[in-house]
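Engineer: Got a predicted structure plus its sequence, pasted below:
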Amino acid sequence: MKFAVDAHLPSGLCALLQSAGHDALHTHQLIAQNRTTDEVLNTLSLKEQRVVVTKDTDFYHSHVLHGKPWKLLLVRTGNIRTRDLKALFERHLPEIIAALEQNSLVELDRQTVRVIG
């Protein structure tokens, strides 16, 4: 699966996703780096069929109203240490992948992975 990790999340998530065999990039790898606009990230997501991983609820509204990005993993943990966020991803990654294979909108909070749509 392909992922695009938004600027609000640590780039270390890409390494974690890559070590699990996924294609992952962070906004800091793009031309505008962490100033990459939502529209550019949405376009990349649609063009390359990448799941956008973000905390930004603007992507939720865009996905629900306009079908952009292609797929969305919305991280709803609030403030969390990078170490704890990585551990959360490691623990739930198989469940996240399974949910995203069948659905376009998935939410991760501190306890669960939830399919939204």
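Structural biologist: On my side now, so go ahead. Numbers count the residues shown, from 1 in each chain.

Engineer: show me where this protein has helices.
Structural biologist: 12-19, 38-48, 57-66, 82-102 (DSSP state H).

Engineer: what helices or strands is the third one leaning on?
Structural biologist: On a contact count with 3 or more Cβ pairs under 8 Å, 6 or more residues apart in numbering; DSSP states H and E, helix 57-66 meets helix 38-48, strand 71-75, strand 105-108. Placement of C-beta: from N, CA and C, glycine included.

Engineer: before we move on, the earlier item: in a markdown table, list the helices of the chain along with mean pLDDT.
Structural biologist: Shown next, in a markdown table, are the helices of the chain (pLDDT from 0 to 100):
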| stretch | mean pLDDT |
| --- | --- |
| helix 12-19 | 96 |
| helix 38-48 | 96 |
| helix 57-66 | 95 |
| helix 82-102 | 96 |
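
Engineer: Rebuild these as a markdown table, extending it with mean neighbour count.
Structural biologist: Below are those laid out as a markdown table (neighbours: other Cβ atoms under 10 Å):
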| stretch | mean neighbour count |
| --- | --- |
| helix 12-19 | 17 |
| helix 38-48 | 16 |
| helix 57-66 | 14 |
| helix 82-102 | 15 |
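
Engineer: Those into a markdown table, with extra columns for distance to residue 117?
Structural biologist: Converted to a markdown table, those look like this (distance: least, Cβ to Cβ, whole Å):
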| stretch | distance to residue 117 |
| --- | --- |
| helix 12-19 | 22 |
| helix 38-48 | 16 |
| helix 57-66 | 7 |
| helix 82-102 | 11 |
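
Engineer: Those: which one's closest to residue 112?
Structural biologist: Distance to residue 112, taken as Cβ to Cβ, is lowest for helix 82-102 among the helices of the chain, at 8.0 Å.
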